[in-house]
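Undergrad: What follows is a predicted structure for the sequence shown.
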Amino acid sequence: MENKILELFLYNNSLKFSEIEKSLKTSSNKLTYHLKQLVKRGVLVKNGDFYELSDASEVLIPYLSDKRAVLPVVLVHIGSDKEAFLYERVKKPFKGLLSLPGGRLLVNESVEQAAVRIMKEKFNTKIKFRGVRSVSLEHVKREEVIHSFLLILVSAEADVELTKVNENKLKIIPSDYKLVKKRGSGMKIRSLVTNVS
């Protein structure tokens, strides 16, 4: 119910209780409860007869949709196409397979900052960032697509133990194996900052 309420604020700056009730076709008791919870948590603010999305909650706007989105992931390649730093994944998808180190690209973070953070947080390792090598779109399927990732492969240097790639091909996530073997020639991803009023 709360997501449905918040979705109304994608297209409206402020709404009266009666407008929300009419749009959602729900009981006033149920709506009152959820609006109070959203106001209590600071997601919505009440100005007179109107409800508005709080300034702090505007970060939620890109996520207010019933559509699933592609997740941007930074993968760090240390080594060569013959040897690379790989680790065994402990969670799904690809649990138990060898993987390039990686993680989500966070809000307000450059690709380089993400690579440095990922290696520090997950492996307590300091890296020397070399650059973006490739960008790929991966769709993970069972019978249908269950995840989609925007894979940003970067190269870096670090003092870590490397794994032989060819000897472990069947133990490596197939997309990671392909990325290691075909690293690309290098590219830049520009960071753009756009101000909104």
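TA: On my side now, so go ahead.

Undergrad: The closest residue to residue 181 other than its chain neighbours and residue 55, how far apart?
TA: Distance criterion CB to CB, 6 or more residues apart in numbering; nearest residue to residue 181, sequence neighbours excluded, is residue 81 at 5.2 Å. (Each C-beta comes from the backbone N, C-alpha and C, glycine too.) Here the criterion is CB to CB, to the nearest Å. By it, residue 81 lies 48 Å from residue 55.

Undergrad: And those two? Which one has more around it.
TA: residue 81 (13 against 9; other CB atoms under 10 Å).

Undergrad: Could you check how far the more buried one is from residue 4?
TA: 49 Å.

Undergrad: Residue 122: which element?
TA: Using DSSP states H and E, residue 122 maps to helix 111-123.

Undergrad: how about that helix: buried residues?
TA: 111, 112, 114, 115, 116, 118, 119 (16 or more other CB atoms under 10 Å).

Undergrad: Repeat that for stretch 20-29.
TA: Buried residues in stretch 20-29, defined by neighbour count with 16+ other CB under 10 Å: 20, 21, 24.

Undergrad: got the contact list for the second one?
TA: With contacts defined as CB atoms under 8 Å, 6 or more residues apart in numbering, the neighbours of residue 21 are 28, 31.

Undergrad: Restricting to C-alpha, output the helix or strand encompassing it in CSV.
TA: Using DSSP H and E, residue 21 sits in helix 17-24. C-alpha atoms of helix 17-24 as CSV (Å, rounded to 0.1, in the frame of the first residue of the first chain):
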residue,chain,number,x,y,z
PHE,A,17,-6.3,12.9,1.3
SER,A,18,-9.5,12.6,-0.9
GLU,A,19,-7.3,12.6,-4.1
ILE,A,20,-5.2,9.8,-2.8
GLU,A,21,-8.2,7.8,-1.6
LYS,A,22,-9.9,8.3,-5.0
SER,A,23,-6.8,7.2,-6.9
LEU,A,24,-6.2,4.1,-4.9
